[in-house]
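Trainee: pasting the sequence and the predicted coordinates here, then a few questions.
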Protein chains: 2
Amino acid sequence: MNEEQVLKRIASGAKAARLSAAGVHLGIGDDAALFAPRAGRETILTCDWSLEGTHFLRDKHPADAVGWKSLARAVSDVAAMGGTPRCYLLSLALPASHTGWWLGEFLRGLRRASRAFRCELAGGDTTRRDEILINIMVAGEIAPGQALRRTGARAGDLIYVSGRLGEADRGWERLQKTRGRVRADDRLLRKHLYPEPRLALGEWLAKNGLATAAIDLSDGLSIDLMRLCAASSVGARVEVASLPMLRDVDREKAVKLALHGGDDYELLFAVAPRKAQHIPKRFRGLQLTQIGRILRGKKIEVRAENGSVYRLRPGGWDPFRK
Amino acid sequence: MNEEQVLKRIASGAKAARLSAAGVHLGIGDDAALFAPRAGRETILTCDWSLEGTHFLRDKHPADAVGWKSLARAVSDVAAMGGTPRCYLLSLALPASHTGWWLGEFLRGLRRASRAFRCELAGGDTTRRDEILINIMVAGEIAPGQALRRTGARAGDLIYVSGRLGEADRGWERLQKTRGRVRADDRLLRKHLYPEPRLALGEWLAKNGLATAAIDLSDGLSIDLMRLCAASSVGARVEVASLPMLRDVDREKAVKLALHGGDDYELLFAVAPRKAQHIPKRFRGLQLTQIGRILRGKKIEVRAENGSVYRLRPGGWDPFRK
């Protein structure tokens, strides 16, 4: 199979009507794509690696899940900005052995994600490589001034998270123990394999001006809260008793997974006290939990259930620290 | 060095004033970048791999040249559309051993290219990896309807190229024979290491509606002409006697390099006969040469200097065919 044939397989899912509705005036097949957001909107640009051995294992992760998650990871950044995804570029490096069945399954998962997130394939770059390398760039849009940045959190703000923390990491533990085909009905496995970017929540927070700052939880609460606080020049205290944790593991492990587990793609956001009344317990079925407060200073602390307070050290995913 | 420190080094060159002038309202340090083209312009989106072992060799290519060329490759796609580059996202995977001197040199070359092409760093993604992997996404802009597509070539159009063909491949041969530091004054080496996307030429062709189709020569004339012709549903004939070839090698080799040598990043474009009078021999010092004509049908032929005509087979860079 040569490059043109690989490109043809990748491009074969593109529908002119859907591309046009996504603001893509020129898609795959030229030197570049042409895109315009709806009138008066800014463009959101973000990209994410999905690399064999780093983000997934060739023989462990189903190819369709690699496709889904590669796009979901990048779209989650758009959700964290409160924006709407519109189109994406796919950079793909594959072994020649994987241009058949594996590519088909990968594209099936990718297209399913593309439809679910309403984010259309507009272009990309392919090459051959012994390892499977993926990079996805997503272009989204948002009204000027509405974007949820990391920088707006102020002392006194309430800290919220969506969903339950540590589920994806727990799912990854299960996957490592699984032999053969993955059970599609396992909730934790699905959270690890097919994460759902919190687009509706992000858009709602942005449109209604409810969050002072937001970030998506990709590397774990301890790292991502540190990033949000550093960007806002504030500290924080997290209450362990409030954390939405796993119930099927012992308490100590549940706390560890909630503080440091990566890949949940939930939203972490800060809300000024006077606006907290507008944050429901559930947003369209998705649990929202207040887990702590923004503090003056730079310290990020955790209050354990026994009342003791300790410094939260980043323990999630940092590829350069390992 | 941890990920935050690597990010800090990457971000340290960003200047708020330059970002703002490039339409970047939010740069590195948040979940995503915010970008808006100038009023009434469309956004051009394109991305390119630059992978160790595939596109460069860690111990052969100077790190600053890897930085320059990674951006130049993606910017060249914007030139081929006739657009203006504005900002880029850098996806970088590096061994921990390369976060010191190598990263510094890489960033120096990248920033030099960024200034030369007026294309500002707006964001990206970094991770650790045994091999050096780079993906660059460039966002550019163009007035609606002006983009030079691959699809508009018609039978009878004249085919032009800029510059001289085969120079970069010849430079690559030289680099392979070079031990130690690279001589900065070698023109062919420079063409291989520090290619110059033909931005001014592309913009001029687009603004004045002079080209019916255009593509940049990244994989070699034989492959890229085939792509342009396939997109336009036409054939072509190339005249060897007209090709702007190398002079310091024997004729047979010069022809081969001109037809199949990759990495020149010159523009290949088609011009309707009635507009050919507007194409000068030189555009701002850059040689423009008519090398053949667009034909009806699908055949791509070459007329040799002895008058014999043969089928042009793609012989350039196709990673999946090797």
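Mentor: Happy to help now that I have it.
Trainee: A:Leu267 against A:Ala214, yeah?
Mentor: Yes - counting by Cβ atoms under 8 Å, A:Ala214 is a contact partner of A:Leu267 at 5.9 Å. All C-beta atoms are positioned from the backbone trio N, CA, C, and that covers glycine.
Trainee: where do the contact lists of those two overlap?
Mentor: Common contact partners of A:Leu267 and A:Ala214 (Cβ atoms under 8 Å, 6 or more residues apart in numbering or on different chains): A:80, A:202, A:205.
Trainee: ok, of the residues you listed, which one's closest to chain B?
Mentor: Closest to chain B out of the shared contacts of A:Leu267 and A:Ala214 is A:Ala80 (4.0 Å), distances taken as Cβ to the nearest Cβ.
Trainee: right, is the regular element (helix or strand) spanning that closest one up against chain B?
Mentor: Applying DSSP states H and E as the criterion places A:Ala80 in helix A:63-81. Yes - counting by Cβ under 8 Å from any Cβ of the partner chain, chain B is contacted by helix A:63-81 at A:77-78, A:80-81.
Trainee: list the buried residues in stretch A:106-123.
Mentor: Buried residues in stretch A:106-123, counting neighbours by 16 or more other Cβ atoms under 10 Å in any protein chain shown, are found at A:106-107, A:109-111, A:113-114, A:116-117, A:119-123.
Trainee: that should have said stretch A:262-274, apologies.
Mentor: Of the residues in stretch A:262-274, those buried under the neighbour-count criterion (16+ other Cβ under 10 Å) are A:262-272.
Trainee: which among those are in contact with chain B?
Mentor: Of the entries in the buried residues of stretch A:262-274, none also sits close to chain B under the rule Cβ under 8 Å from any Cβ.
Trainee: now, these that are in strands?
Mentor: Filtering the buried residues of stretch A:262-274 for membership in strands, criterion DSSP state E, returns A:267-271.
Trainee: show me what contacts the closest residue to A:Thr46 other than its chain neighbours?
Mentor: Setting aside the residues directly before and after it, A:Thr46 is nearest to B:Ala32 in space (Cβ to Cβ, 6 or more residues apart in numbering or on different chains), at 3.6 Å. B:Ala32 sits next to A:44-46, A:77-78, A:80-81, A:83, A:140, B:26, B:123 when contact means Cβ under 8 Å, 6+ apart.
Trainee: and the strands in the stretch 101-250 of chain A, which stretches?
Mentor: Here the stretch 101-250 of chain A has its strands, by DSSP state E, counting those that start in this stretch, at A:120-128, A:133-142, A:158-162, A:213-216, A:235-239.
Trainee: each with direction, which strands does the last one pair with?
Mentor: Okay, so that is strand A:235-239. Under the criterion DSSP bridges, strand A:235-239 sits next to strand A:286-295 (antiparallel), strand A:300-303 (parallel) in its sheet.
Trainee: tilt between that strand and strand A:267-271?
Mentor: Between the axis of strand A:235-239 and that of strand A:267-271 there is an angle of 110 degrees, by axes from the mean of the first three to the mean of the last three Cα atoms, to 10 degrees.
Trainee: so strand A:235-239 versus strand A:158-162, what angle?
Mentor: When the same axes, to 10 degrees is applied, the directions of strand A:235-239 and strand A:158-162 differ by 60 degrees.
Trainee: mind checking the pLDDT average for the very next helix or strand once past strand A:235-239?
Mentor: Proceeding C-terminally, strand A:235-239 gives way to helix A:251-260 as the next helix or strand, assigned by DSSP H and E. Model confidence over helix A:251-260 averages 95 on the pLDDT scale.
Trainee: quick one: distance of helix A:251-260 to the chain centre.
Mentor: The gap between the average C-alpha position of helix A:251-260 and the chain average comes to 20 Å, counting by Cα atoms, centre = their mean, to the nearest Å.
Trainee: got the buried residues for that helix?
Mentor: For helix A:251-260, the neighbour count (16+ other Cβ under 10 Å) marks A:254-260 as buried.
Trainee: now tabulate those in JSON lines and tack on distance to chain B.
Mentor: Listed next are these as JSON lines, based on distance: Cβ to the nearest Cβ, whole Å:
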{"residue": "A:Ala254", "distance to chain B": "26"}
{"residue": "A:Val255", "distance to chain B": "24"}
{"residue": "A:Lys256", "distance to chain B": "20"}
{"residue": "A:Leu257", "distance to chain B": "21"}
{"residue": "A:Ala258", "distance to chain B": "21"}
{"residue": "A:Leu259", "distance to chain B": "18"}
{"residue": "A:His260", "distance to chain B": "15"}
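Trainee: quick one: low-confidence residue ranges for the stretch 51-200 of chain A.
Mentor: Confidence mapping of the stretch 51-200 of chain A against pLDDT under 70 gives zero matching residues.
Trainee: how about the residues of it near chain B?
Mentor: When proximity is defined as Cβ under 8 Å from any Cβ, the stretch 51-200 of chain A approaches chain B at A:51, A:54, A:77-78, A:80-81, A:83, A:87, A:89, A:91, A:93, A:96, A:99, A:122-129, A:133, A:135, A:137, A:139-140, A:142, A:144, A:147, A:149-151.
Trainee: now the helices: where do they sit in the stretch 101-250 of chain A?
Mentor: Using DSSP state H, counting those that start in this stretch, the helices assigned to the stretch 101-250 of chain A run over residues A:101-117, A:167-177, A:187-193, A:199-207, A:221-232.
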